[in-house]
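Q: Any chance you can model this:
(chains A and B)
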There are 2 protein chains.
Amino acid sequence: MKAELLQLMKNRKSIRKYKKDSIPLEKVYEILEAGRYAPSGANMQPWIYIIVTDDRLKEKIREEAEKVERKYHEKASDQLRKWFKELKITPEKSFLTDTPVLIVVAGSTKAPYWRQSTWISIAYILLSIENQNLGTLTYTPKEMRFLNKLLDIPDDYCPVVILPIGVPAERPPPEACARKPLEQIVHLNKYSREKIG
Amino acid sequence: MKAELLQLMKNRKSIRKYKKDSIPLEKVYEILEAGRYAPSGANMQPWIYIIVTDDRLKEKIREEAEKVERKYHEKASDQLRKWFKELKITPEKSFLTDTPVLIVVAGSTKAPYWRQSTWISIAYILLSIENQNLGTLTYTPKEMRFLNKLLDIPDDYCPVVILPIGVPAERPPPEACARKPLEQIVHLNKYSREKIG
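A: Coordinates of the predicted model:
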């Protein structure tokens, strides 16, 4: 597979605008298969995936998320505000109702390393979505406990991300997804201001 | 690429026993390329990768890690002890000196969502290692700040994992890596004790 894996990773971009095209539930299951194979602390597999397709539920999620966003945007740092502006990010989260499917990923807080394990599982799902030529983004409102209430998730599971899944309508501008060169982030044997390369 | 991605994810297992074969530094750079393409909060790319190949440094890391492990094993829960026994996991971490390369991944604690972003980057690297037919595991001693001291990592970077990279000498028993069936972890629209399927 070699080069194709890196290509898949490079192609994947966080999508904020989606078409309204529907996605068969079978395809969603296929996507989520990937998440199961993540490694986890003591192989506890602490993750659960709630597939949300119900329009009323999606609207309620959007409503609660936007409440959280309005508070967050008011208090955002200058650095974040600059980035919001560059990507035209506002408290309005239309992707939560535009996409046909939302995946809420939660982790069992009783498992060792549940957060780290769950994020590896999420990364696997991100790549799996790209592999199906669909789009998503890791949407993490600052406060997510409202999802426990809306989706009947037990209190010992903590929601960590909402992944909207849909057909991309617009890709982000390349300059907003530029990556640091490898020599800027890699260090040999000790951290050093002098870089390798 | 479709089916190959899932196959890669299924094939990847956490490796605890390695051969002493060396790995060219070029291959390590190739592996780390993958990590750069992870999404991150505000595209801050908060991760750094320290490649450790120096034998004395690896020995010191092992020494400090085993100190942490001895404390951790003493205080481990019954559930964890059972899993340790099943996988013959002890405070001894020979893979830290047996593998030719350790990658220490740290995250800039000043970036938004730095921990989540860094774990996605780690997941990308795990798959990239498997894609090179090499082995690793996500080694996370409970206390990792000793790495700041040993590797001159600035205090505003927090080490989150050590990834030993090497040629697998032994794969874990299949029963130790079994996964829950999808219907046990997927819920439709609301969390429910009655599963889909």
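Q: Briefly note if the lowest-mean-pLDDT helix or strand in chain A comes near chain B.
A: Within chain A, no helix or strand scores below helix A:78-86, which has a mean of 87 by mean pLDDT, DSSP states H and E. Yes - applying CB under 8 Å from any CB of the partner chain, one finds helix A:78-86 touching chain B at A:Gln79, A:Leu80, A:Trp83. Placement of C-beta: from N, CA and C, glycine included.
Q: what would the residues you listed look like in a markdown table with neighbour count?
A: Below are the residues of helix A:78-86 next to chain B laid out as a markdown table (neighbours: other CB atoms under 10 Å in any protein chain shown):
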| residue | neighbour count |
| --- | --- |
| A:Gln79 | 13 |
| A:Leu80 | 17 |
| A:Trp83 | 18 |
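Q: with these in mind, which one is nearest to chain B?
A: Set against chain B, the nearest of these by CB to the nearest CB is A:Trp83 (4.3 Å).
Q: List the contacts of the closest one.
A: Going by CB atoms under 8 Å, 6 or more residues apart in numbering or on different chains, A:Trp83 touches A:Ile89, B:Ala42, B:Asn43.
Q: how near is the residue nearest to the spatial centre of chain A to A:Lys13?
A: Against the mean C-alpha coordinate of chain A, by CA atoms, centre = their mean, the closest residue is A:Thr138 at 1.7 Å. To A:Lys13, A:Thr138 is 12 Å away according to CB to CB, to the nearest Å.
Q: Also A:Leu96?
A: Separation of A:Leu96 from A:Lys13 (CB to CB): 19 Å.
Q: So which of these two has more stuff around it?
A: The residue with more neighbours, out of A:Leu96 and A:Lys13, is A:Leu96; 22 against 19, by other CB atoms under 10 Å in any protein chain shown.
Q: ok, that one touching A:Arg62?
A: Yes - under the criterion of CB atoms under 8 Å, A:Leu96 makes contact with A:Arg62 at 3.9 Å.
Q: could you pull out the helices for chain A?
A: With DSSP state H as the criterion, chain A has helices at A:3-11, A:25-36, A:55-75, A:78-86, A:95-98, A:114-131, A:146-150, A:182-185.
Q: Quick check: which of those helices is buried the most?
A: Across the helices of chain A, averaging neighbours per residue (mean count of other CB atoms under 10 Å in any protein chain shown) puts helix A:114-131 on top, at a mean of 24.
Q: and that helix with helix B:3-11, angle?
A: 160 degrees (axes from the mean of the first three to the mean of the last three CA atoms, to 10 degrees).
Q: Would you pull up how far helix A:114-131 lies from the middle of the chain?
A: 8 Å (CA atoms, centre = their mean, to the nearest Å).
Q: now swap in stretch A:74-81 and tell me
A: From the chain centre to the centre of stretch A:74-81 is a distance of 21 Å (CA atoms, centre = their mean).
Q: Show me what it is in contact with.
A: A:Phe84, B:Ala42, B:Pro112.
Q: what does stretch A:126-136 give?
A: Applying CB under 8 Å, 6+ apart, the external contacts of stretch A:126-136 come out as A:8-9, A:11-15, A:18, A:23, A:27, A:30-35, A:138, A:163-168, B:1-2, B:5-6, B:39, B:120, B:124, B:127.
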